[in-house]
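Participant: what would the 3D arrangement of this be:
(one chain, ligands or ions: 1)
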Amino acid sequence: MHYLIIGGGIAGTTATEELRKLNTNADITIISEEEHPVYSRVLLPHYVKEKIPRERVFLKKETWYAEKNIEWMTGVICDYLDVRNKFVRLSNGREVEYDKLLIATGGEVRTAPFDFAQGINERQISYFRTLADSDHLVTLLSERDASTQGYVIGGGFIACEYINIFAHFGIPTTVMLRSDRFWSRVFDEETGRLVNQRLLNGNVEIKKSQTTNYQLPTTPSILGIGIGIIPDFSWLRDTGIKTNIGILANEYLETNIPDVYTAGDISEFQDVVVNRQVNIGNWMNAQMQGRHVAKVMLGEREPFKLVSSYATNVLGLEIIFVGDTDRSAAEEIVVRGSVLDGGVTQLFLRNQKLVGATIVGRNSDRQPITAAIRDQVDKSDFLG
Ligand SMILES: Cc1cc2nc3c(=O)[nH]c(=O)nc-3n(C[C@H](O)[C@H](O)[C@H](O)COP(=O)(O)OP(=O)(O)OC[C@H]3O[C@@H](n4cnc5c(N)ncnc54)[C@H](O)[C@@H]3O)c2cc1C
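Facilitator: Presented below is the predicted three-dimensional model:
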């Protein structure tokens with residue numbers, strides 16, 4: 001039996017590790033576009049802030065793959081899939097057959113359209129997804145001087161990372177938001193105000209309603225762009241694999257095509273906890289899906305079940321997303337706390353159950369909320 005894993009991030013590598021653990025004889029191949037062994041994207045901001053050395057971001061040594069008898073192909077992209085004859089083609093022309101295929105290809109950064117004639121130097125632009133992106137940012141930071149200004153486009157997790165990094169190095173920062181607040185499609189006004197207040201207290205300038213014509217300076221600065229990730233489905237064309245925001249999968253992480261599975265940021269799976277098809281982009285979800293899908297590929301028949309969360313901070317203000325935070329899919333939203341209290345929690349409810357929450361400055365809410373979502377506690381019991 002040949003197990004083929006596309007994508008050497010945390011989802012793909014965890015699946016690979018679990019497959020080997022549970023089946024010592026299987027042929028396992030992992031295809032990785034990036035040249036390095038698997039590393040922690042969560043640790044990248046710590047590396048950029050010089051809190052840890054570069055080598056600490058790696059989760060495996062280069063020798064690990066051979067030691068585990070795993071075929072590891074790096075620096076190649078899988079650019080064609082034939083699900084009928086069960087093989088993939090790689091960017092180096094090689095074809096690889098499979099019995100079971102896992103697609104764990106994550107997402108690519110969404111790029112911002114710039115008119116470089118405006119005078120922006122392309123080299124000053126930073127994206128933040130990979131170790132290579134981080135190396136570039138480290139170089140830009142090493143070239144800074146007293147006149148360096150930090151500009152951030154975006155209002156999500158990566159924008160928070162840029163703000164923290166610029167603050168760490170004492171670089172004056174301007175953030176450009178699409179609307180008037182961070183996570184404009186998720187946060188209510190009060191939560192948005194809480195985050196904005198923290199930024200203003202930290203001397204971060206906020207420019208609101210920046211959509212097409214970003215108010216950028218023409219002098220060289222560091223411009224960090226964090227406007228989300230997008231999946232690459234181009235090589236899945238003509239395969240019949242169903243996609244939406246991500247690759248559609250059932251609760252077992254199986255796609256609609258036999259022997260093709262998906263896990264991590266690229267998957268849009270049937271979440272049995274919140275009873276909805278969801279796409280979740282966090283480390284815990286990617287890692288646990290990788291582990292789970294390996295078992296399913298080996299024949300176990302358990303649905304994937306997890307209430308995952310993404311916890312970060314901006315200038316020390318803790319921001320946590322738990323479960324299903326899609327505002328448009330919530331039937332009711334209950335807000336606890338206020339700017340005056342220093343913390344706001346939004347509870348997202350559907351079918352009389354708690355399905356998700358955003359928790360800003362109220363860390364102690366995290367554990368009971370996670371438990372209530374997991375245990376599908378009735379709304380009245382939880383709110384009461
Ligand atoms: C800077 C940063 C900080 C973060 N901090 C946090 C945090 O604090 N907490 C948290 O929960 N989450 C955090 N995240 C998000 C988290 O890291 C991701 O959710 C997680 O890494 C997703 O893992 P994945 O394996 O699904 O995808 P990825 O990590 O994107 O891995 C997919 C891999 O597949 C490769 N690939 C893609 N297409 C192909 C192809 N066709 N052929 C071959 N290879 C291919 C890609 O190059 C990539 O290496 C952070 C992310 C970043 C970028």
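Participant: domain-wise, how is the chain divided?
Facilitator: 2-107+231-297, 116-225, 310-383 (automatic domain parsing).
Participant: of all these, which one is nearest the ligand?
Facilitator: Checking the domains of the chain against the ligand by CB to the nearest ligand atom gives domain 2-107+231-297 as the closest, at 1.9 Å. Just so you know, the C-beta spots here come from the backbone N, C-alpha and C atoms, and that holds for glycine as well.
Participant: what mean pLDDT does that closest one get?
Facilitator: Here domain 2-107+231-297 scores 98 as its mean pLDDT.
Participant: picking up where we left off before, let me have the domains of the chain in a markdown table, extended by mean neighbour count.
Facilitator: Conversion of the domains of the chain to a markdown table gives the following (neighbours: other CB atoms under 10 Å):
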| stretch | mean neighbour count |
| --- | --- |
| domain 2-107+231-297 | 19 |
| domain 116-225 | 18 |
| domain 310-383 | 18 |
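Participant: now these as JSON lines including distance to the ligand?
Facilitator: Listed next are the domains of the chain as JSON lines, based on distance: least, CB to the nearest ligand atom, whole Å:
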{"stretch": "domain 2-107+231-297", "distance to the ligand": "2"}
{"stretch": "domain 116-225", "distance to the ligand": "5"}
{"stretch": "domain 310-383", "distance to the ligand": "4"}
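Participant: how deep is the residue nearest to Glu251 when sequence neighbours are not counted tucked in, by neighbour count?
Facilitator: Nearest residue to Glu251 in three dimensions, chain neighbours excluded: Pro303, at 3.7 Å (CB to CB, 6 or more residues apart in numbering). Using other CB atoms under 10 Å, Pro303 has 15 other residues around it.
Participant: give the contact list for Pro303.
Facilitator: With contact taken as CB atoms under 8 Å, 6 or more residues apart in numbering, Pro303 is in contact with 251-252, 272.
Participant: for it, grab phi and psi.
Facilitator: Here is the backbone geometry of Pro303 (degrees, to the nearest 10): phi -70, psi 150.
Participant: do the same with Leu131
Facilitator: phi -60, psi -40.
Participant: gap between it and Lys379?
Facilitator: Applying CB to CB, to the nearest Å, the value for Leu131 to Lys379 is 43 Å.
Participant: now Leu194
Facilitator: Note on Leu194: its distance to Lys379, by CB to CB, is 25 Å.
Participant: tell me which residues touch Met284, please.
Facilitator: Residues in contact with Met284, defined by CB under 8 Å, 6+ apart, are 306, 308-310.
Participant: please apply the same query to Arg362.
Facilitator: With CB under 8 Å, 6+ apart, Arg362 has these contacts: 336-337, 343-345.
Participant: let's see 10 Å
Facilitator: By CB atoms under 10 Å, 6 or more residues apart in numbering, Arg362 lies in contact with 318, 320, 336-337, 341-345, 369.
Participant: mark which of those are part of strands, please.
Facilitator: If you go by DSSP state E, the contacts of Arg362 have 318, 320, 336-337, 343-345 in strands.
Participant: longest helix of the protein?
Facilitator: In the chain, assigned by DSSP state H, the helix with the most residues is helix 283-297.
Participant: please identify which of the contacts of Met284 is nearest to the ligand.
Facilitator: The ligand has its nearest neighbour among those in Tyr310, at 4.1 Å by CB to the nearest ligand atom.
Participant: the closest one contacts Thr325, doesn't it?
Facilitator: Yes. Shown here, Tyr310 and Thr325 form a contact pair, counting by CB atoms under 10 Å, at 9.1 Å.
Participant: any residues in contact with both of the two?
Facilitator: Taking CB under 10 Å, 6+ apart as the criterion, Tyr310 and Thr325 both touch Ile280.
Participant: quick one on the thing from earlier: quick check: the farthest pair among the ones in strands among the contacts of Arg362?
Facilitator: Pairwise distances across the ones in strands among the contacts of Arg362 (CB to CB) peak at 15.0 Å, for the pair Glu318 and Arg336.
Participant: how about the strands in the stretch 1-150 of the chain?
Facilitator: Taking DSSP state E, counting those that start in this stretch to define them, one finds strands in the stretch 1-150 of the chain at 2-6, 27-32, 71-74, 78-82, 87-90, 95-97, 100-103, 108-109, 125-126, 150-153.
Participant: list the helices and strands the host helix or strand of Ile359 packs on?
Facilitator: Using DSSP states H and E, Ile359 maps to strand 353-360. Identification of packing neighbours for strand 353-360 by 3 or more CB pairs under 10 Å, 6 or more residues apart in numbering; DSSP states H and E yields helix 189-201, strand 276-279, strand 309-314, strand 317-323, strand 332-338, strand 343-350, helix 366-374, helix 379-383.
Participant: lowest-confidence stretch among the ones you listed?
Facilitator: For the helices and strands packed on strand 353-360, mean pLDDT drops lowest on helix 379-383, to a mean of 90.
Participant: adding distance to Thr63, write the strands of the stretch 1-150 of the chain out as CSV.
Facilitator: Listed next are those as CSV, based on distance: least, CB to CB, whole Å:
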stretch, distance to Thr63
strand 2-6, 19
strand 27-32, 15
strand 71-74, 10
strand 78-82, 24
strand 87-90, 23
strand 95-97, 22
strand 100-103, 23
strand 108-109, 29
strand 125-126, 32
strand 150-153, 38
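Participant: thinking again about what came up before, Glu97: which of the helices and strands packed on strand 353-360 is closest?
Facilitator: Closest approach to Glu97 among the helices and strands packed on strand 353-360 (CB to CB): strand 276-279, 29.3 Å.
Participant: what sits up against the closest one?
Facilitator: Identification of contacts with strand 276-279 by CB under 10 Å, 6+ apart yields 107, 231, 244-251, 265-271, 285, 323-326, 329, 350-351, 355-356.
Participant: partner strands of it, with direction?
Facilitator: strand 267-271 (antiparallel) (DSSP bridges).
Participant: could you give the angle of the strand it pairs with to strand 353-360?
Facilitator: Strand 267-271 and strand 353-360 are oriented at 130 degrees to each other (axes from the mean of the first three to the mean of the last three CA atoms, to 10 degrees).
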